[in-house]
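S.K.: sequence unknown, structure follows:
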């Protein structure tokens, strides 16, 4: 609930204002504005609908890192990993030249270097079907795990409700993202 008399301000943050019709508790959702939109549309706007190998690797790394960190910390299973759910934001730097993005995992630091004109931050979104219940690992899938048909793993389609929940669904979606990013072609008919 938004506190009375306090304005939320932050650069790059958009907010939807709507006056409640009745008293009670309300949830306000704020999302950072990602100026490049989703990764699928970003890819379509590129010359020949393809990215440089460096940029494709960096977007894939960032999505992979987000999935790994969420799985490790919260046992999160996203269940709808696709380029439409990855939002991109240009890295705003006053300098020209190389941009370095650093990601830490324990004692390991990963540095992503790219030319300033290719530097984007990838943000995984749409957690509407995500699951953070550790006990669901190994359980049979339910209708809730079937999201975008084109991204559904073959074992879900072949085994039906005998297929098991786990992080494999996200890995399959990540593989489809990788194929799309590196080839410029959607791995399914549009």
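M.R.: Cool, the structure landed. Fair warning: this is a prediction, and the values are worked out from it, not measured in the lab.
S.K.: switch to C-alpha atoms for all contacts and neighbour counts from now on
M.R.: OK.
S.K.: Can you list the low-confidence ranges for the protein?
M.R.: In the predicted model of the chain, residues 1-24, 26-29, 189-190 satisfy pLDDT under 70.
S.K.: mind listing the helices for it?
M.R.: Secondary structure of the chain (DSSP state H): helices at 39-44, 53-74, 154-159, 168-183.
S.K.: got the contact list for the third one?
M.R.: If I follow you right, that is helix 154-159. 141, 163 (CA atoms under 8 Å, 6 or more residues apart in numbering).
S.K.: any idea how far residue 88 is from residue 121?
M.R.: To residue 121, residue 88 is 6 Å away according to CA to CA, to the nearest Å.
S.K.: ok, now residue 173?
M.R.: Counting by CA to CA - residue 173 and residue 121 are separated by 19 Å.
S.K.: And these two? Which one has more around it.
M.R.: Legend: neighbour count by other CA atoms under 10 Å for residue 173 and residue 121, higher for residue 173 (22 against 18).
S.K.: That one against residue 80, yeah?
M.R.: Yes - Residue 173 is in contact with residue 80 according to CA atoms under 8 Å; the separation is 7.1 Å.
S.K.: Chain neighbours aside, what residue packs nearest to the residue most central in space within the chain?
M.R.: In the chain, the residue lying closest to the centroid (CA atoms, centre = their mean) is residue 124, at 1.6 Å. Nearest residue to residue 124, sequence neighbours excluded (CA to CA, 6 or more residues apart in numbering): residue 86, at 4.6 Å.
S.K.: Surely the one you found touches residue 123?
M.R.: Yes - using CA under 8 Å, residue 86 is in contact with residue 123, at 5.4 Å.
S.K.: Quick check: neighbours shared by those two?
M.R.: With CA under 8 Å, 6+ apart, residue 86 and residue 123 have common neighbours residue 63.
S.K.: who has more neighbours, these two?
M.R.: residue 86 (23 against 18).
S.K.: and the more buried one, what does it touch?
M.R.: 38-39, 63, 122-125.
S.K.: can we see that at 6 Å?
M.R.: 38-39, 123-125 (CA atoms under 6 Å, 6 or more residues apart in numbering).
S.K.: Would you mind measuring from it to residue 162?
M.R.: From residue 86 to residue 162 the distance is 30 Å (CA to CA).
S.K.: Equivalent analysis for residue 85, please.
M.R.: Counting by CA to CA, the gap from residue 85 to residue 162 is 27 Å.
S.K.: higher neighbour count, these two?
M.R.: The neighbour comparison of residue 85 against residue 162 (other CA under 10 Å) goes to residue 85, with 18 against 14.
S.K.: now the more buried one, nearest residue through space, not along the chain?
M.R.: Nearest to residue 85 is residue 125, by CA to CA, 6+ apart, at 5.2 Å.
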